[in-house]
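> Could you work out the structure for the sequence below:
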Amino acid sequence: MADKKMALIATKGTLDWAYPPFILASTAAALGYEVEIFFTFYGLQLLKKDLNLKVSPLGNPGMPMPMAMDKWFPVLGTALPGMESVMTMMMKQKMKSKGVASVDELRSLSLEAGVRMIGCQMTVDLFDFKPSDFIDGVTFGGASTFMGFAGDSDVSLFV
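Numbers count the residues shown, from 1 in each chain. Predicted coordinates:
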């Protein structure tokens with residue numbers, strides 16, 4: 001058993017919000033922490049077999065825009081049809097060019113490192129998901145399943 005524990009809650013299901021839980025979890029596991037991530041609501045998307053994650057620039061003022069678009073392109077313009085796909089493609093290209101691991105790779109690395117991934121059963125039921133929609137290695141449970149671990153954790157984060 002590890003000397004330290006880290007508990008994470010993942011609630012977002014977009015490309016940009018997929019990275020923090022997997023980077024933190026895989027890093028902590030590599031440092032010897034026992035790690036558990038509770039995926040609830042939209043965060044459950046991160047456990048699906050088919051990762052079709054997008055990034056939305058709309059309502060994300062902290063997102064650095066290419067070609068200094070944040071200086072000349074109106075925020076409302078990011079709501080135009082097709083902009084989400086364009087921005088997602090640009091973000092994926094940027095990450096690839098910088099050598100950033102994919103979400104799929106980070107997720108696999110986390111599982112290989114022993115990170116326990118809990119899918120929120122209430123959310124599964126709410127959105128009519130099936131266990132077969134998700135990758136192997138996911139445990140399904142409620143908040144109480146996670147709280148038992150989180151209550152004894154040295155680090156607890158909501159990401």
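
> in which helix or strand would I find V124?
helix 121-126 (DSSP states H and E).

> List of residues touching the helix or strand just after that helix?
The helix or strand immediately downstream of helix 121-126 is strand 138-141, counting by DSSP H and E. Applying C-beta atoms under 8 Å, 6 or more residues apart in numbering, the external contacts of strand 138-141 come out as L47, R116, M117, I118, G119, C120, Q121, V124, P131, T145. Where you see a C-beta, it was placed from the backbone N, CA and C, and this is true even at glycine.

> Counting by contacts, list what the helix or strand just after strand 138-141 packs against.
Downstream of strand 138-141, the first helix or strand assigned by DSSP H and E is helix 143-150. Judged by 3 or more C-beta pairs under 8 Å, 6 or more residues apart in numbering; DSSP states H and E, helix 143-150 is in contact with strand 5-10, strand 34-39, strand 116-120.

> what's in contact with helix 143-150?
K5, A7, I9, E36, F38, T40, R116, I118, C120, M122, T139, S156.

> quick one: M122 and K12, what's the gap?
17 Å (C-beta to C-beta, to the nearest Å).

> Between those two, tell me which one has more neighbours.
Per other C-beta atoms under 10 Å, whichever of M122 and K12 has more neighbours is K12, with 18 against 14.

> Low-confidence ranges, this structure, go.
Residues of the chain meeting the criterion pLDDT under 70: 1-2, 57-82.

> try 80
1-2, 56-88, 91 (pLDDT under 80).

> if I look at the residue positioned nearest the centre of it, how far off is K94?
The centroid of the chain falls nearest to A18 when counting by C-alpha atoms, centre = their mean (2.5 Å). Distance from A18 to K94, counting by C-beta to C-beta: 15 Å.
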